[in-house]
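Colleague: Output the structure for:
(one chain, ligands or ions: 2)
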Amino acid sequence: MTPRKIIIDTDPGQDDAVAILLALASPEDIEVLGITCVAGNVPLDLTSKNARIVCELAGFPDVSVYAGCDRPLGRDLVTAEHVHGKTGLDGPDLPDPTMPLADGHAVDFIIDTLRDHAPGTVTLCPLGPLTNIATALQKAPDIASRIARIVLMGGGYFEGGNITPTAEFNIYVDPQAADIVFKSGAPIVVMPLDVTHKALVTKPRNDAFRALNTPVGIAVAQMTDFFERFDKEKYGSAGAPLHDPCVTAYLINPDLFTGRHINVEIETQSELTMGMTVADWWRVTDRAPNATFMGDIDADGFFALLTERLARL
Ligand code: BDR
Ligand code: CA
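Modeller: Ligands and ions are numbered 1, 2, ... in the order given. The predicted structure is shown next:
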């Protein structure tokens, strides 16, 4: 099979970093056309720097990394240094990047790439707030029908939220953008907290990364060591959830995940439930399905894949 062409839209973030590493380690499955950065976990100057640090760590300094939107469509930016640290990539001590940012705006890169490729051949992989993707859809509505699929990390239903009781961080930061994306008509696959909270970096899984004994394996172990302090305390779980790599793992082996094709709407009005993904899991409305909302993961299979692929870098 020819590799799937993708654009990774991201706000690194340690788990974003692992998602990028998994994609770059998997050229037989995934061709990374470019990485577009957005403000989210930390401000844009840091996410666009961190994406380049990760590319260089992986040995891929030629990947085009674009800076995109520095704030949500209609709200002030909310960041998550309390989870990811001051840099967004706290944990390992990695050098500043030497590769430059690509010229141009991330939103234009997304639009141009979709227009330059045959319809249905480019997959978008958002790992952060959906500001860049929604802005591209607003600026160039013709691209919606050209998108092969949008495979995103965001939302939660049975798990509730992680930034408010009802909202997951990526959707909460820019609910207006999420609303535009979920109404775009493009095929959508969602990796919500219901899935990612089962992708826990337990001690043996973290030890397996470290045992690779490569710069990548050690850096990934140090990254997960860093953010698991926060998550373990918050959830009392056996390890931290590795959210964003679920997106790139899905592209490599979709059979690791199961879900339902259902209607998902985004709450954009209520301050109490702002950014909630109102997922009609039980199909109790007649609203048309617009997303495949995942509910479960083969976590052992996921970590086996991840460790095997990271070993290549
Ligand atoms: C999501 O929010 C960010 O903190 C992570 O990188 C992930 O994309 C999880 O809610
Ligand atoms: Ca992220």
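
Colleague: Look at residue 27 and report its pLDDT.
Modeller: Listed pLDDT for residue 27 reads 97.

Colleague: From ligand 2, how far off is it?
Modeller: Separation of residue 27 from ligand 2 (CB to the ion, to the nearest Å) stands at 23 Å. Every residue, glycine included, has its C-beta placed from N, CA and C.

Colleague: Keeping just the C-alphas, turn stretch 5-19 into CSV.
Modeller: The C-alpha coordinates for stretch 5-19 follow below in CSV (Å, rounded to 0.1, in the frame of the first residue of the first chain):
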residue,chain,number,x,y,z
LYS,A,5,-0.1,11.6,2.9
ILE,A,6,-0.8,13.6,6.0
ILE,A,7,-0.4,17.0,7.5
ILE,A,8,0.2,17.0,11.3
ASP,A,9,-1.4,20.1,13.0
THR,A,10,0.1,20.3,16.4
ASP,A,11,0.9,22.1,19.7
PRO,A,12,3.9,20.2,21.1
GLY,A,13,3.5,19.1,24.0
GLN,A,14,5.3,15.8,25.0
ASP,A,15,2.5,13.6,23.7
ASP,A,16,2.4,15.5,20.4
ALA,A,17,6.1,14.9,20.2
VAL,A,18,5.6,11.2,20.5
ALA,A,19,2.9,11.3,17.8
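
Colleague: Show me what counts as buried in the helix or strand that contains residue 107.
Modeller: Secondary structure from DSSP states H and E places residue 107 in helix 106-116. Buried positions in helix 106-116, judged by neighbour count with 16 or more other CB atoms under 10 Å: 106-111, 113-114.

Colleague: and the next helix or strand after that helix, average pLDDT?
Modeller: Once the chain leaves helix 106-116, the next helix or strand it forms, by DSSP H and E, is strand 122-126. In this model, strand 122-126 has a mean pLDDT of 98.

Colleague: Please renumber the chain so that the first residue is 730 from this point on.
Modeller: That works, and once the first residue is 730, the last one we named lands at strand 851-855.

Colleague: and residue 764, what is it in contact with?
Modeller: 736-739, 749, 780, 784, 792-795 (CB atoms under 8 Å, 6 or more residues apart in numbering).

Colleague: ok so, going back, which one of the buried residues of helix 835-845 sits closest to residue 816?
Modeller: residue 835 (20.3 Å; CB to CB).

Colleague: any idea how far the closest one lies from ligand 1?
Modeller: 17 Å (CB to the nearest ligand atom, to the nearest Å).

Colleague: Am I right that that residue is in contact with residue 798?
Modeller: Yes - Residue 835 lies in contact with residue 798 (CB atoms under 8 Å); the separation is 7.3 Å.

Colleague: Mutual contacts of those two, please.
Modeller: Common neighbours of residue 835 and residue 798 (CB under 8 Å, 6+ apart) are 767, 861.

Colleague: Which residue, other than its chain neighbours, is closest to residue 743?
Modeller: Once flanking residues are discounted, residue 743 sits nearest to residue 952: 3.8 Å by CB to CB, 6 or more residues apart in numbering.

Colleague: Can you give me the neighbour number for residue 891?
Modeller: 22 (other CB atoms under 10 Å).

Colleague: thought it was touching residue 902?
Modeller: No - under the criterion of CB under 8 Å, residue 891 makes no contact with residue 902, lying 11.8 Å away.

Colleague: ok, back up a step: for the contacts of residue 764, which entry has the maximal number of neighbours?
Modeller: residue 739 (32 neighbours).

Colleague: where do the strands sit along the stretch 830-979 of the chain?
Modeller: Assigned by DSSP state E, counting those that start in this stretch, the strands in the stretch 830-979 of the chain fall at 851-855, 876-882, 917-920, 929-930, 969-970.

Colleague: model confidence over the longest one, on average?
Modeller: Per-residue pLDDT values over strand 876-882 give a mean of 98.

Colleague: Quick check: which helices or strands does that strand pack against?
Modeller: For strand 876-882, the packing partners by 3 or more CB pairs under 8 Å, 6 or more residues apart in numbering; DSSP states H and E come out as strand 851-855, strand 917-920, helix 974-981.

Colleague: okay, the ones you listed in CSV with distance to ligand 2 next?
Modeller: Shown next, in CSV, are those (distance: least, CB to the ion, whole Å):
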stretch, distance to ligand 2
strand 851-855, 9
strand 917-920, 11
helix 974-981, 9
